Every structure is written in structure tokens, then in C-alpha cells.
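*Asks:* Please find the sequence and the predicted model below.
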Amino acid sequence: MTWSLQLRNGDLAIDRDRLNTVTDWQKLLQDLRIRLLTRLGTDPLHPDFGSTLDGGTRPDGIEIPSVIGETDSSVIRSAITVEVRRILSDYQAVQANRKRLDLMSYGSNSLTDTEILNGAEINVATSPTMVVVQVVVATGGGETKQISLPFNV
């Protein structure tokens, strides 16, 4: 089983002078939410980390404008769906690599079934003032969980 420090409203979650952690599907959702909401190019140590949902800078320095302010809702939905699929695919590749390395090093997988991304459905709703990205995640344990990300236009 793996874990991450729990984030609450962008800050570390602390209860009774102790840092909280997340595991299983809560870790999966937190990891995906961070990847989706981190603007591409803002992490100097990992310039290819993050998404272009709200714009960003590619590792080669090219600025990617946000599609959130576009006027054509079909362009918004299409671009967001492609970007979310990219993030999900990258995350699955990281998990597959981790599993491979764990098996080589330890002879077993450190990821639990409920923290493995098995698939996802992406829905994008647009209005004149808001874009809502909804990702329904299927875990390797057969559970489905939802991430909802609202963006103001």
C-alpha cells in the first residue's frame, strides 16, 4: 500500500498535531486532482508535470492558452477531454512502471487494487460563466469514484 500526505483546500491536513495521509481510492483521486489542477510548467523540477486545462507552458517554453475562455463549447469539451485523457494515460503509465519496479525489487506490488486507475469516463459541461469537468474513475478494485472540477470563465 502506498500513501500521500492529505491535502485539504490546497494545504496539508493536520489533526491533533499530526499530518494526515490518504491511501487507496482517496490517494488515487487526490493524485489525479493534483495533476489536473496543476498548471503545466509551474513545477521547476518537473516541467512536464500538470495539465493545460487552465493553460500552461510546455517544457520547450511554448505557452499553451487555456481553452476555458473559448466561445465554442464543442471546442472546449473536445480540448478538455483530450487533455484529461492525456493526464489519465500518463498516470496509468506511472502506475504500470511502479508496479514493474516493485515486482523487480520486492517481488510484490505496493499498489492496492483500489488505488489503481483502471479506466475513466470524462464529462464536460459548459455554461456562459462556468466549465465543469467531471471524471468518473474506475479503480482496479471495481469501485467507481468521481472528481468534479469547476472552472470560472
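*Replies:* Received, thanks. This structure is a prediction, so every number in the text was calculated from the model and none was measured.

*Asks:* Report the spatially nearest residue to residue 147, omitting neighbours in sequence.
*Replies:* Nearest residue to residue 147, sequence neighbours excluded (Cβ to Cβ, 6 or more residues apart in numbering): residue 135, at 4.5 Å. In this view, the C-beta of every residue, glycine as well, is placed from N, C-alpha and C.

*Asks:* Report the secondary structure state of residue 92.
*Replies:* What DSSP: H, G, I helix; E, B strand; the rest coil gives for residue 92 is helix.

*Asks:* Residue 152 versus that one, what's the distance?
*Replies:* Counting by Cβ to Cβ, to the nearest Å, the separation of residue 92 from residue 152 is 30 Å.

*Asks:* who has more neighbours, those two?
*Replies:* residue 92 (15 against 8; other Cβ atoms under 10 Å).

*Asks:* Please enumerate the strands of the protein.
*Replies:* In the chain, the segments counted as strands under DSSP state E are 4-5, 7-8, 11-12, 14-15, 18-19, 21-22, 39-40, 51-57, 63-64, 117-126, 130-139, 144-152.

*Asks:* Who are the packing partners of the first one?
*Replies:* Secondary structure elements in contact with strand 4-5, counted by 3 or more Cβ pairs under 8 Å, 6 or more residues apart in numbering; DSSP states H and E, are strand 21-22, helix 24-37.
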